[in-house]
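Peer 1: how would this look folded up:
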Amino acid sequence: MHISYLALIVISLALGLGTQAYIKLTYRRWSQVPLSNGMSGRQMAERMLATNGIGSVPIYNNGGADLSDYYDPKSDALYLSGGSERGASVASAAVACHEAGHATQHARDYAPARVRMAIVPLANIGSQAWMVVLLLGIMLNASGLVTLGIVLFALVVAFELVTLPVEFDASRRALQYISGAPGVTADEARGARQVLTAAALTYVAAALSSILQLLYLLGQNRDE
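Peer 2: This next block holds a predicted model:
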């Protein structure tokens, strides 16, 4: 294996493991700090949605582990882990309100979120097929297949890049609400910001790793 590709793998692993460790550490810290207003993550998300004039978004317990929370635009529903739904901590509020931020984007027809939804099918195809197509092209010495594999991977990278502003904006909306919510102290709002910043770093690290890999593939393809 080429030494530069080994370096790329090491960098990608370091970025991934480092950001994952940081978000878990930050989440654990602020999950032990209760909100002064005593509200659970579910209640904070409901209040945030109501404040934004959105009252029809259901909230379900997804039965998953901490940080498995997500918003599904197809069903227009929030799926929260038990900790985020029932927990009354700073971390619970931050995560639940972040997902409420995605629901708000959907209700407001936020353009980057709409673009991300549009490219999901292509990104799914790319993520499932690019490696197979690329390896097949290398084994058959077929430059066309190699190029197709790189194009498919580029779709994955494009999806990750479009995801960044969507995630940042959802966190911005969440922090805007939390900072002004009744009974939330400035220190608690600061903690929510730390949790969401740590979560955002995982998306940044994933995108950066993919960009580096795409640049490597493009460079190798050009040299051959």
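Peer 1: Tell me the buried residues in the lowest-mean-pLDDT helix or strand in the chain?
Peer 2: The helix or strand of the chain with the poorest confidence is helix 3-31; it has a mean of 90 (mean pLDDT, DSSP states H and E). Buried residues in helix 3-31, counted by 16 or more other C-beta atoms under 10 Å: 8, 12, 15, 19, 22-23, 26-27, 29-31. Bear in mind the C-beta positions are built from the backbone N, C-alpha and C, glycine included.
Peer 1: what's the helix or strand for residue 71?
Peer 2: Secondary structure from DSSP states H and E places residue 71 in strand 70-72.
Peer 1: And for that strand, what's in contact with it?
Peer 2: The contact list for strand 70-72, computed with C-beta atoms under 8 Å, 6 or more residues apart in numbering, reads 62, 77-79, 99-100, 102-103, 106.
Peer 1: Check stretch 189-199 too.
Peer 2: Contacts for stretch 189-199 (C-beta under 8 Å, 6+ apart): 19, 22-23, 25-27, 29-30, 33, 67, 90-91, 93-95, 97-98, 167, 171, 174-175, 178-179.
Peer 1: rerun at 6 Å
Peer 2: For stretch 189-199, the surrounding residues in contact (C-beta atoms under 6 Å, 6 or more residues apart in numbering) are 22-23, 26-27, 30, 33, 90-91, 94, 98, 171, 175, 178-179.
Peer 1: so is the closest residue to residue 171 other than its chain neighbours in a helix, a strand, or just coil?
Peer 2: Distances taken as C-beta to C-beta, 6 or more residues apart in numbering place residue 196 nearest to residue 171, at 4.1 Å, with adjacent residues excluded. For residue 196, the assignment made with DSSP: H, G, I helix; E, B strand; the rest coil gives helix.
Peer 1: do residue 218 as well
Peer 2: Secondary structure of residue 218, per three-state DSSP, is helix.
Peer 1: do residue 60 as well
Peer 2: Relying on three-state DSSP, one would call residue 60 strand.
Peer 1: Just read off the phi/psi values of residue 87.
Peer 2: Here is the backbone geometry of residue 87 (degrees, to the nearest 10): phi -70, psi 140.
Peer 1: meant to ask about residue 53, not that
Peer 2: phi 70, psi 20.
Peer 1: ditto for the one 4 residues further on
Peer 2: Residue 57 adopts backbone torsions of phi -90, psi 110, taken as degrees, to the nearest 10.
Peer 1: tell me the contacts of it?
Peer 2: 49, 76, 103.
Peer 1: pLDDT at it, what is it?
Peer 2: Note on residue 57: pLDDT of 95.
Peer 1: Tell me which helix or strand comes right after the least confident helix or strand of the chain.
Peer 2: Downstream of helix 3-31, the first helix or strand assigned by DSSP H and E is helix 41-51.
Peer 1: tell me which of the buried residues of helix 3-31 is nearest to residue 137?
Peer 2: residue 8 (19.4 Å; C-beta to C-beta).
Peer 1: List the contacts of that closest one.
Peer 2: 212, 216.
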